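**Student:** Next comes the sequence, and after it the predicted model I'd like to discuss.
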There are 2 protein chains.
Amino acid sequence: MFFSKSCEYALKATMYLAKQGDNKRVGIKVIARDLNLPADYLNKVLQILVKHKLVLSSKGRYGGFYLTKNELNKSLLKIVKAIDGKDIFNRCGMGIENCSGEKPCPLHNDIKAYRDNILFVLSNKSVASTTSQINNGVTFLSKKVQM
Amino acid sequence: MFFSKSCEYALKATMYLAKQGDNKRVGIKVIARDLNLPADYLNKVLQILVKHKLVLSSKGRYGGFYLTKNELNKSLLKIVKAIDGKDIFNRCGMGIENCSGEKPCPLHNDIKAYRDNILFVLSNKSVASTTSQINNGVTFLSKKVQM
DNA sequence: ATTAAAATATGATATTTATCATCTTCATTT
DNA sequence: AAATGAAGATGATAAATATCATATTTTAAT
Ligand code: FES
Ligand code: FES
């Protein structure tokens, strides 16, 4: 509805890693199983995040993906931008060439408000900030599996 | 970013027809040229709207697509739902199975409020209501072509 | 050193969405 | 009635996205 599937997966996975806590390495199969997502595809997505240094990884036995304080403090917006690109927040909702206040489409004001709000939320919310509500059972990363 | 391309085209085309006024028939080639959209594809999209009785059409010479008072008064939401389906406003932004207050994802509260706002706007705004601002040069349906 | 278990890189396939093209049907003008 | 110009129906192709699969590299335990 707003993000690509890849981006949804990326958000879920980083929030999942945040929930595991500082420096805890988790292999792709476990992540995929817990979030019930396609493992190989999720793998590809996570590798993009690794390249952007939003997630860390170590190879070999007992390796896996993980976050440290540094990554935990990054904004969710960085995840989104890494996967869906920098300008999904500049696109016109009606597909006009580019969204501007100058030559706006008929839905510009309404769409922009929505878009800017999401942008604001994502840029202010850190990866780590999502953990406590998940742990308290207030919010969820999947409905099928209880974690 | 929110709507499919088909849906963007549908919105543009109906707003375009509204601007032409009551009962004015316009052929697909003209619409497509003025909005600079792919004609055959737009044709397909418009045929869906015709099936949903959101746009009228007549065949044969001097035929074309058009709106009457009846269609002009319908909400933009109907256009959106006809093309992108009834439940794009119920989908979780993070891809959780379904969006509910019961088992919300970590972004639910932030996403839902504004999503509901778009829903509200679209359900209250009629096709006709977009015309005057377009005619006054306040809003636009395309940047390339002046209409 | 060997081995095992993990990420990484890369490519193949499938699915969805968008686009192109062609033929049919219908209404209007002549 | 014939011809024309439009929508309607349908299918083929292309492009983008998502998924599956496999071989390679790296790390760490033994
Ligand atoms: S111009 Fe359409 S959303 Fe800004
Ligand atoms: S549960 Fe995710 S947006 Fe409502």
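**Tutor:** The structure has been received and is ready for your questions. Ligands and ions are numbered 1, 2, ... in the order given.
**Student:** switch to C-alpha atoms for all contacts and neighbour counts from now on
**Tutor:** Will do.
**Student:** The residue of chain A found nearest DNA strand D and ligand 1: what is the separation?
**Tutor:** Of all residues in chain A, A:Gly60 sits closest to DNA strand D, at 3.0 Å by C-alpha to the nearest atom of the strand. Distance, A:Gly60 to ligand 1, using C-alpha to the nearest ligand atom, to the nearest Å: 47 Å.
**Student:** before we move on, what about A:Val45?
**Tutor:** Taking C-alpha to the nearest ligand atom, one finds A:Val45 at 28 Å from ligand 1.
**Student:** now swap in A:Ile88 and tell me
**Tutor:** Per C-alpha to the nearest ligand atom, A:Ile88 is found 11 Å from ligand 1.
**Student:** So which residues on chain A come close to DNA strand C?
**Tutor:** A:26-29, A:40, A:43-44, A:46-47, A:50, A:57-65 (C-alpha under 7 Å from any atom of the strand).
**Student:** Run through the residues that contact the residue nearest to A:Ser126 when sequence neighbours are not counted.
**Tutor:** Nearest residue to A:Ser126, sequence neighbours excluded (C-alpha to C-alpha, 6 or more residues apart in numbering or on different chains): A:Ser75, at 4.2 Å. By C-alpha atoms under 8 Å, 6 or more residues apart in numbering or on different chains, A:Ser75 lies in contact with A:122-127.
**Student:** pLDDT score for the residue nearest to A:Glu8 when sequence neighbours are not counted?
**Tutor:** Leaving aside its sequence neighbours, A:Glu8 sits nearest to B:Met94 (C-alpha to C-alpha, 6+ apart; 4.8 Å). B:Met94 carries a pLDDT value of 96.
**Student:** looking at this, B:Met94 is in a strand?
**Tutor:** No. Counting by DSSP: H, G, I helix; E, B strand; the rest coil, one finds B:Met94 to be coil, located in no strand.
**Student:** What about it, how many residues nearby?
**Tutor:** 27 (other C-alpha atoms under 10 Å in any protein chain shown).
**Student:** what about the nearest residue to A:Val26 once chain neighbours are set aside, neighbour count?
**Tutor:** Leaving out its chain neighbours, the residue that sits closest to A:Val26 by C-alpha to C-alpha, 6+ apart is A:Gly64, at 4.7 Å. Neighbour count for A:Gly64, taken as other C-alpha under 10 Å: 19.
**Student:** same deal with A:Arg61?
**Tutor:** Counted with other C-alpha under 10 Å, the neighbours of A:Arg61 add up to 7.
**Student:** What of A:Asn98?
**Tutor:** 16.
**Student:** so what pLDDT did it get?
**Tutor:** 82.
**Student:** Helix, strand, or coil at it?
**Tutor:** Classified using three-state DSSP, A:Asn98 is coil.
**Student:** Chain A: helices as residue ranges?
**Tutor:** Counting by DSSP state H, residue ranges of the helices within chain A are A:5-20, A:28-35, A:39-51, A:69-72, A:76-84, A:108-124, A:131-135.
**Student:** Next up, the contacts around A:Ser142.
**Tutor:** Residues near A:Ser142 by C-alpha under 8 Å, 6+ apart: A:35-36, B:96-97, B:105.
**Student:** Return a ChimeraX selection command for the buried portion of the residues you listed.
**Tutor:** This is how ChimeraX selects the buried members of the contacts of A:Ser142, with burial counted by 16 or more other C-alpha atoms under 10 Å in any protein chain shown:
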select /A:35 /B:96,105
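**Student:** Could you work out the most separated pair of the contacts of A:Ser142?
**Tutor:** Spatial extent of the contacts of A:Ser142 (C-alpha to C-alpha) is set by the pair A:Asn36 and B:Cys105 at 14.9 Å.
**Student:** Give me every residue in chain A lying close to chain B.
**Tutor:** Along chain A, the residues adjacent to chain B under the rule C-alpha under 8 Å from any C-alpha of the partner chain are A:1-3, A:5, A:8-9, A:11-12, A:88, A:91-97, A:103-106, A:110-111, A:113-114, A:117-118, A:121, A:130, A:133-134, A:138-143.
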